[in-house]
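Visitor: structure, please.
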Amino acid sequence: MGPKSKTYRSQCGFGLAEMMVVLCITTLALGFAISNARNLENPTDVGAQTTLAFFKQLRAKAVNSTQAYTISPANGYRLQVASARTCNETPTVEQGVYLELPRDTRFSSQSWSVCFSSRGLPQTAETVQITHQGMTKQVEVLLGGAIRSL
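Guide: Predicted structure coming up:
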């Protein structure tokens, strides 16, 4: 038999301490990257997308429950929801069903409302403008029931 080679500790690879140091440095780097990426979110885009999703959710709820749902601004940054049998009846405000826009984001007008009938169709077409520090996004509700962000 040939001579046996001796394996020394320095030849075995990384130890636990080295691996923990590498893991800590990687975790810190990822933490900084994620916290900086959050600052890249545009509040106007986020507000438009959440408003769009809220409209779609309530349109689906109107079809599912055979109720008419009216969405209107409660103030410059919050939407409230009311329901009735039809869009022509006086609606009752739904407690706990609302949408708040991201911080410092506002609806440019508070004189609008959208009522989705039990068939999911809005009574009127409406364009809702969302603003934040001079930037504007629009959410458009079309008569056929389509909802899109511009």
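Visitor: spell out the secondary structure type for the one residue sitting closest to the centre of the chain.
Guide: Closest residue to the average C-alpha location of the chain: residue 50 at 4.0 Å, with C-alpha atoms, centre = their mean. Following DSSP: H, G, I helix; E, B strand; the rest coil, residue 50 is assigned to helix.
Visitor: just residue 32 next, same as before
Guide: Assigned by three-state DSSP, the conformation of residue 32 is helix.
Visitor: need the contact list for the residue nearest to the centre of the chain.
Guide: In this structure, residue 50 makes contact with 99, 101, 102, judged by C-beta atoms under 8 Å, 6 or more residues apart in numbering. Quick note: C-beta positions are derived from backbone N, CA and C, even for glycine.
Visitor: neighbour-wise, which one of the residues you listed leads?
Guide: Counting neighbours by other C-beta atoms under 10 Å, residue 101 leads the contacts of residue 50 with 23 neighbours.
Visitor: show me the contacts for that one.
Guide: Residue 101 is in contact with 43, 47, 50, 51, 77, 78, 107, 130, counting by C-beta under 8 Å, 6+ apart.
Visitor: go with 10 Å
Guide: By C-beta atoms under 10 Å, 6 or more residues apart in numbering, residue 101 lies in contact with 43-44, 46-48, 50-51, 73, 76-79, 107, 130-132.
Visitor: swap in residue 81?
Guide: Neighbouring residues of residue 81 by C-beta under 10 Å, 6+ apart: 54, 57-58, 61, 69-72, 74, 91, 93-99.
Visitor: mind doing that once more with 6 Å?
Guide: Counting by C-beta atoms under 6 Å, 6 or more residues apart in numbering, residue 81 touches 69, 71, 94, 97.
Visitor: same deal with residue 70?
Guide: Residue 70 neighbours (C-beta under 6 Å, 6+ apart): 82, 91, 113, 115.
Visitor: how about whichever strand in the chain runs longest: buried residues?
Guide: For the chain, the longest strand by residue count, based on DSSP state E, is strand 92-100. Neighbour-count burial for strand 92-100 flags 94, 97, 99 (criterion: 16 or more other C-beta atoms under 10 Å).
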